[in-house]
Every structure is written in structure tokens, then in C-alpha cells.
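> Pasting the sequence and the predicted coordinates here, then a few questions.
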Protein chains: 2
Amino acid sequence: MASNRGHFETVFEFVEACESLTRIDAVLAAVQSMAEPLGFSSFIITGLPLPNRPLEPLVLLNSWPAGWSKRYLSQNYFQIDPVGQHAFATSAPLRWGDAPYRKEARLAQQVMGEAVEFGLRDGVLVPIFTATGWQSAISYASGHKLDLGPKDMAAAHLLAITAHSRLRSLLSEERNLRRKLTPRERETLAWIAAGKSAWETSSILGISEATVITHLNNIRRKLNVANTTQAVVVALQAGELQPY
Amino acid sequence: MASNRGHFETVFEFVEACESLTRIDAVLAAVQSMAEPLGFSSFIITGLPLPNRPLEPLVLLNSWPAGWSKRYLSQNYFQIDPVGQHAFATSAPLRWGDAPYRKEARLAQQVMGEAVEFGLRDGVLVPIFTATGWQSAISYASGHKLDLGPKDMAAAHLLAITAHSRLRSLLSEERNLRRKLTPRERETLAWIAAGKSAWETSSILGISEATVITHLNNIRRKLNVANTTQAVVVALQAGELQPY
DNA sequence: ACTGAACTCCTAAGATGTTAGGATAGCAGC
DNA sequence: GCTGCTATCCTAACATCTTAGGAGTTCAGT
């Protein structure tokens, strides 16, 4: 384990350098190189899904072993994983071993057992809070038991929020290039999300109700959702409902 | 202006100390005491609203002069303020003076003129990205023109994301104490947000469609919204749609 | 024992959203 | 000149949500 002072200075340089990274794989490499001196072999940065929703579409960055990653995401282990579920309840960085789980939860024990098979024995989960109640998290993994002090945890925390911030801006830029909705459709959906009916929205936008309905039809088709309510949720998560 | 090295070390100590702050006004005082050496006299930490939506419900922490704060929020200046609007487009900290605005935008100039009357002459806006496309921001204000180097900007940035992270966890804890919806109502709304109809949701939850409809009626009444779609948006912003 | 909150179930009318067609006009890019 | 995209408008049947009532059960706390 490197010295605490060393960690801090290095992480601090990372904070500055991170701003100039323009490619997602560069962020991944940078985080990886920062995490290794702290004792972590891999990590994942992800948004936390709503109840009953899959984790996979919210993953931002992932350096987990491929086999584990595939199994965890496809089997939706997140809904079982005590560490993942505790991410909602904690505000401070969390040692994996400190995640509470009921003894009767055989599934939870099975998931943790399988993680060990893939070389993920210990780790730290850092929750990242957002202004809207949505959360993200970064989960660092290690192949051996960790011995981390408060400063190491703080360094991991700092690394997490910095990388997350940078990542969001990069993905936001990428996202703009593959937006699915037209400007008028976004404008329409923004009013619908504000609770306006189709008729009210048509008045606001100065068009006919029929046109608003057509826009909503196209929106639902493009986003591949069941109804307008889900369209709003998906559009929010996809960043469609913002200016610019 | 204090030395750059001093800023950095102080901010770094703040990162550690912030974790132990348990009261919102303590965070406010801590940020204030950190911001002043950087040249800032006041600040606001807030989520960014959807188009056509007011800023006020998303404000987390506010040390702006009371008069200006009241006017800005009640008049919904955010939708006019070029700095506020540019928050959506930038990923790096932004000097107020660098915010682009059209010359023909008399309203924008008026807002900025009024800010000066309240002693807000210059400042820095730090956007905070989230995993879901929702954004927050902190806006530092100063009574005089600022002369900030890259390291000062980085220090302000670091201060912002650290305080924001802590604040979210504190508010999240407070929020849990004044949740409006019952567990069953949250469970119902989570499936509705996933695009299920009332009938489908009733099947999933093993209750009658009538009960789901009753839950939705109560949800709309409690959240004081016009329809289920808006109920989902409001519940998401209020953090109602998460486990625990 | 009582109170309040949560959860459950019901009807019926009216409002609103959804589906499935079709149609015209403007405009940018090839 | 053509193609594709965007934006606009329309009808009609059907599905779903919304409103406005009422009512019974359970359970925790006073």
C-alpha cells in the first residue's frame, strides 16, 4: 500500500488532468491507473436503476472481468446483490463487507460466492448523489482483502466523483449526436412531462391537438415504449428533455 | 488572492471534513468559509429544472443576498439568465462573463443589470453532471471582478462537487422523514413509471385494478399533480421511486 | 377501546390517450 | 429532380385514465 500522502497528491493531479481527457477510454485508463495503487484491480461506474429495471442501460464505464460483467448484468444480479441494494441507503463510501444482508438470503450469498470465483473478493462502493434523487455509484473491486484507512477511502471517493463528472460530460456530448427526437417532439414532451394534456400542450405551442397527438405517437414509436408516461421517463434518462 | 497551493490544500481538508458535517447549515457555513478566500461572497447550489419549470423547488443551498434571491426565484429569472441557460451546454466551470447571450436579449441584460445592483458583479458557475441526464450546478458570486487561474477554478470545482455530494446525502436523509407516499403507493407508481397500465400493474402486484386506480388517485392528490405522467416526474425528482 | 393510517375493493360517467389510417407543405442533401 | 425528414392537420374506433363517490379490514399507537 502506497503512502496516504502520495495517494492524495496523485488523486489531486488526476482531478486537474481529468478535465482534459476527451475520450471515454482515456478516462477508463486514467481511473484504472489511479485505482491500482489503492489496491483495486477493476471498477464499474453506473447509474442506479429504478425498482424492477435493469442496470445495464445505465452503466457508464466498466472494467470488471468480462465473464463476471456479462453474468451480473444479464442475470440482473444488481437486484439481488446486497452491495448494490445498499447503495441506495448509504451516503458514505461503503466497504463491500459492511453491506448488510439477511442470512436467509441464499441468492445474495450465491452472488457473492460467484464474484469470488471471478477474483472479486473485496471492494468499495462509492455512491454519487444527484440533485433529483437519482443516484449513481462506482464500485471498485479487489482480488484480495483490503486494508484501507479513511484517507484511502477519501481518495477513492474523490477519484469517483471526479471521473463521474468528466464521464457525464463526455457521454452528454456523445448523446447529443444520437438523439432520437426532433426539436419539436422534445418541446412537446417537455410540456407533457409538466402535466399538460395534449389539448393544453397544443394551445401552448399554438398548433392543433391532432399534431400534438401525432408527435406523441412518433415519440412513443421512436423510444419504443408502451405509453406517454414511460416515454417521459425514458426521455429523462436519455437526456432528451433539456434545452440545447 | 491567496496562493494557489493554499487553496488546494484547504479544499482538500474540506473534502475530508465535509463527510462529518451532519447539518445543512454547517455545510453552508463550511462552503462559505471555503469560498471567501477564493474571492466569492455568496453562492447557490441547485438542481437545474426542466424546460418551463421553476427553479425554486430544486434549490439545495442558498447564500445569495435575500432580496436578489427572492426576486430571481419568484420572477423565474433562471429561464432568462444566460448563465443559467448555459449551464446546460457547458461541462467545465464557467466564468459568468463568458456566458454567451444575444445582443437583442434585452431581458437577459436587464437580469444581469439587476444582479449588479445586489452586489453580484462576477462569478463562476460549476455544472454538476448526474447519471441520468439531470444536472445540478453551483453558482459562486462575487462583488468585484475576479482574477482566477485554472487552479482556482479547479478548487472551486472540487469544493462544489464535494459539498453537493454531502448535501445530497443529508437532504436524502431528511427527505426520507417527509415522504408523502406510502410503500404500496411507491411500489405501484414504480411499475406505472416502467410503462405498465393500471391493469398490468394490478396483475403484477396481485391486487385488483380498482385498487391500483385508487392508489393512483391518492398519489395524484398527495403530489398535487394533474395526471399520472406528472406524478411520475414529480416522484422521481422527490426521490420517491427508490427502494428503502 | 378507540383512532388514524394503510390497504383493499366497488360503480359509473366523462375525459383523455392510443391506434391506424391518410394527407399536404417546406426544406436540406444527394 | 428525387428522397427523406420535419412539421402540420384530419377522422374514427377503441382503450385507458380520471373523477367522485362509497365501504370493509387490518394493524399500530394512544
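Yep, that arrived.

> domain parsing for chain A?
Per automatic domain parsing, the domain ranges recorded for chain A read A:4-177, A:183-237.

> Can you say which of those domains is nearest to DNA strand C?
domain A:183-237 (3.1 Å; C-beta to the nearest atom of the strand). Bear in mind the C-beta positions are built from the backbone N, C-alpha and C, glycine included.

> Span of the closest one from start to end?
This stretch, domain A:183-237, spans 17 Å end to end (C-alpha to C-alpha, to the nearest Å).

> can you list the residues of chain A near DNA strand D?
A:182-185, A:202, A:205, A:207-208, A:210-211, A:213-215, A:227 (C-beta under 7 Å from any atom of the strand).

> got a winner among these for most neighbours?
Neighbour counts for the residues of chain A next to DNA strand D (other C-beta atoms under 10 Å in any protein chain shown) peak at residue A:215, which has 24 neighbours.

> what kind of secondary structure is that residue in?
Following DSSP: H, G, I helix; E, B strand; the rest coil, the label given to residue A:215 is helix.

> Ok, residue A:202 next?
helix.

> which residues does it contact?
The contact partners of residue A:202, taken as C-beta atoms under 8 Å, 6 or more residues apart in numbering or on different chains, are A:208, A:209, A:211, A:212.

> Tell me, what's the model's pLDDT at it?
If you check residue A:202, the pLDDT there is 91.

> can you check residue A:174 too?
So residue A:174 comes in at 62 (pLDDT).

> Would you single out the least confident of the domains of chain A?
domain A:4-177 - the lowest mean pLDDT of the domains of chain A, at a mean of 80.

> That one vs DNA strand C: in contact?
No - Domain A:4-177 does not reach DNA strand C (C-beta under 7 Å from any atom of the strand); its nearest approach is 14.5 Å.

> Tell me the gap between that domain and the middle of its chain.
Chain-centre distance of domain A:4-177: 9 Å, with C-alpha atoms, centre = their mean, to the nearest Å.

> next one: stretch A:215-235
Distance, centroid of stretch A:215-235 to centroid of chain: 22 Å (C-alpha atoms, centre = their mean).

> And it, what's buried?
For stretch A:215-235, burial by neighbour count (16 or more other C-beta atoms under 10 Å in any protein chain shown) applies to A:215-216, A:218-220, A:222-223, A:225, A:228-235.

> ok, those vs residue B:128, which is closest?
residue A:235 (20.8 Å; C-beta to C-beta).

> Can you tell me the element that closest one falls in?
Using DSSP states H and E, residue A:235 maps to helix A:228-237.

> Kindly report the same for residue A:211.
Going by DSSP H and E, residue A:211 is in helix A:209-223.

> Pipe the domains of chain A into a markdown table and attach distance to residue B:165 per row.
Formatted as a markdown table, the domains of chain A follow (distance: least, C-beta to C-beta, whole Å):
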| stretch | distance to residue B:165 |
| --- | --- |
| domain A:4-177 | 6 |
| domain A:183-237 | 21 |
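
> Kindly state which of those is positioned closest to residue B:21.
domain A:4-177 (11.4 Å).

> Please report the distance of the residue nearest the centre of chain A from residue A:87.
In chain A, the centroid-proximal residue (C-alpha atoms, centre = their mean) is residue A:47; its distance is 1.9 Å. Look at residue A:47 and residue A:87: by C-beta to C-beta, to the nearest Å, they are 11 Å apart.

> Same check on residue A:26?
Taken as C-beta to C-beta, the span from residue A:26 to residue A:87 is 26 Å.

> So between those two, which is more surrounded?
Set residue A:26 next to residue A:87 and count neighbours by other C-beta under 10 Å: residue A:87 wins out with 26 against 15.

> just to revisit the earlier point, what angle sits between the helix holding residue A:235 and helix B:228-237?
30 degrees (axes from the mean of the first three to the mean of the last three C-alpha atoms, to 10 degrees).

> near chain B at all, helix A:228-237?
Yes - against chain B, helix A:228-237 shows contacts by C-beta under 8 Å from any C-beta of the partner chain at A:228, A:229, A:230, A:232, A:233, A:236, A:237.

> Among these, which pair sits farthest apart?
A:228 and A:237 (15.2 Å).

> To what extent is residue A:147 buried, counted in neighbours?
Neighbour number of residue A:147 under other C-beta under 10 Å is 9.

> Next: the one 5 residues further on.
By other C-beta under 10 Å, the residues close to residue A:152 number 21.

> which residue sits closest to it in space, ignoring its chain neighbours?
residue A:38 (5.9 Å; C-beta to C-beta, 6 or more residues apart in numbering or on different chains).

> do the same with residue A:196
residue A:204 (6.7 Å).

> how near is the one you found to residue B:27?
For residue A:204, the distance to residue B:27 - C-beta to C-beta - is 39 Å.

> which one of these two has more residues nearby?
residue B:27 (22 against 15).

> between residue A:47 and residue A:87, what contacts are shared?
residue A:135.

> picking that back up, using a markdown table, lay out the contacts of residue A:202 together with distance to DNA strand C.
As requested, the contacts of residue A:202 are exported to a markdown table (distance: C-beta to the nearest atom of the strand, whole Å):
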| residue | distance to DNA strand C |
| --- | --- |
| A:208 | 11 |
| A:209 | 8 |
| A:211 | 9 |
| A:212 | 8 |
